[in-house]
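Chemist: mind looking at a prediction? Sequence and model below.
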Amino acid sequence: MQNETEDRIARLIDLLRLEKDVIRNAEFAALPDLVARKEVLMEELKGTPARLLLGAQEMAIENQRLLDAAIKGVRSVQARLAEIREASKSYTSYDQHGKARRISPEGGSVERRA
């Protein structure tokens, strides 16, 4: 029984290492499969003394921290892209009195000369 538990813990740790690599390499499409495999192992490890799972728990916490940082980075990129998209739609200029004036490509006209 003890060897079985140790084997399951070792498999969980291997899976957590793989998960860490997946997160670091931004291979997020692989995460659902890893989560399903982790859930199976966690179910098999129910009732295991917490002291035996400390290493795995620390790795899981670290992976969650990495995933949170990745999500924060993706959100930051999304916000920046939205800013760039918005900036390409118009331009804000200021007159001599400091009043803002929005200039958009649709509103302007181009004078063509021969």
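Modeler: The structure has been received and is ready for your questions.
Chemist: output the longest helix belonging to this protein.
Modeler: Counting residues, the longest helix found in the chain (DSSP state H) is helix 54-89.
Chemist: got the buried residues for that helix?
Modeler: By 16 or more other Cβ atoms under 10 Å, the buried positions in helix 54-89 come out as 56, 59-60, 63, 67. Placement of C-beta: from N, CA and C, glycine included.
Chemist: tilt between the host helix or strand of residue 6 and helix 54-89?
Modeler: Following DSSP states H and E, one finds residue 6 within helix 2-24. Counting by axes from the mean of the first three to the mean of the last three Cα atoms, to 10 degrees, helix 2-24 lies at 20 degrees to helix 54-89.
Chemist: what is the subsequent helix or strand relative to helix 2-24?
Modeler: Assigned by DSSP H and E, the successor of helix 2-24 is helix 31-44.
Chemist: what's the average pLDDT for that following helix?
Modeler: Confidence over helix 31-44 (mean pLDDT, whole number) is 96.
Chemist: likewise stretch 89-108?
Modeler: Here stretch 89-108 scores 78 as its mean pLDDT.
Chemist: now do the most centrally placed residue in the chain against residue 94, distance only.
Modeler: Nearest residue to the geometric centre of the chain (Cα atoms, centre = their mean): residue 71, 2.5 Å. According to Cβ to Cβ, to the nearest Å, residue 71 stands 37 Å off from residue 94.
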